[in-house]
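*Asks:* Got a sequence here, can you build the structure:
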Amino acid sequence: MKTSTESLPPLRSVKVLDQLRERLRYQRYSIRTGQAYVHWVRAFIRFHGLVHPAQLDRGSVEAFLSWLASERGVSSSTHRQALAALLTFYGKVLGVDLPWMKDIGRPRHTRRRPIVLAPDEVAASSRFWTASFGCWPSRGID
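*Replies:* Here you go, the predicted structure:
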């Protein structure tokens, strides 16, 4: 099985999060991206009671991502960032090629529709402002 770390130099660090930092620096990830990835991998490890990630399986990753979405209520972009951190960690640091990681569902962005008033709602609002204040507001309310 070909791993994604064969073309990368060996890691010098002993600790898992230091190995992640070392690999991200070598691959020229931005500092803030590295900090975010370390945060998500640390949260993943703590979520599973400090068990080494190499011992965890698909259900563990899915449980963590489900917990993020349901319990923590993170946005879809935050969910994707956590998933990207785990993919990078497993692929580039642990050197484990996990085909099931590509099958994990990714959240979809919900399109927000603009709120547009119907003509009768505009007329009702106009009547309210005229009756209450004698005029239609010309600028924002202070």
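*Asks:* Which residues does whichever strand or helix holds residue 37 contact?
*Replies:* Assigned by DSSP states H and E, residue 37 falls within helix 31-47. Residues from elsewhere that reach helix 31-47, judged by C-beta atoms under 8 Å, 6 or more residues apart in numbering: 16-17, 20-21, 24-25, 29, 51-53, 61, 63-64, 67, 81-82, 84-86, 88-89. The C-beta positions use only the backbone N, C-alpha and C, and glycine is treated the same way.
*Asks:* tell me what the helix or strand following it is packed against?
*Replies:* Tracing the chain past helix 31-47, the next element assigned as helix or strand by DSSP H and E is helix 58-67. With contacts taken as 3 or more C-beta pairs under 8 Å, 6 or more residues apart in numbering; DSSP states H and E, helix 58-67 sits against helix 31-47, helix 76-88.
*Asks:* Could you figure out how far helix 58-67 is turned away from helix 31-47?
*Replies:* Helix 58-67 runs at 110 degrees relative to helix 31-47, counting by axes from the mean of the first three to the mean of the last three C-alpha atoms, to 10 degrees.
*Asks:* how far out from the middle of the chain is helix 58-67?
*Replies:* 13 Å (C-alpha atoms, centre = their mean, to the nearest Å).
*Asks:* same question, stretch 16-36
*Replies:* Centroid separation for stretch 16-36 versus its chain: 17 Å, with C-alpha atoms, centre = their mean.
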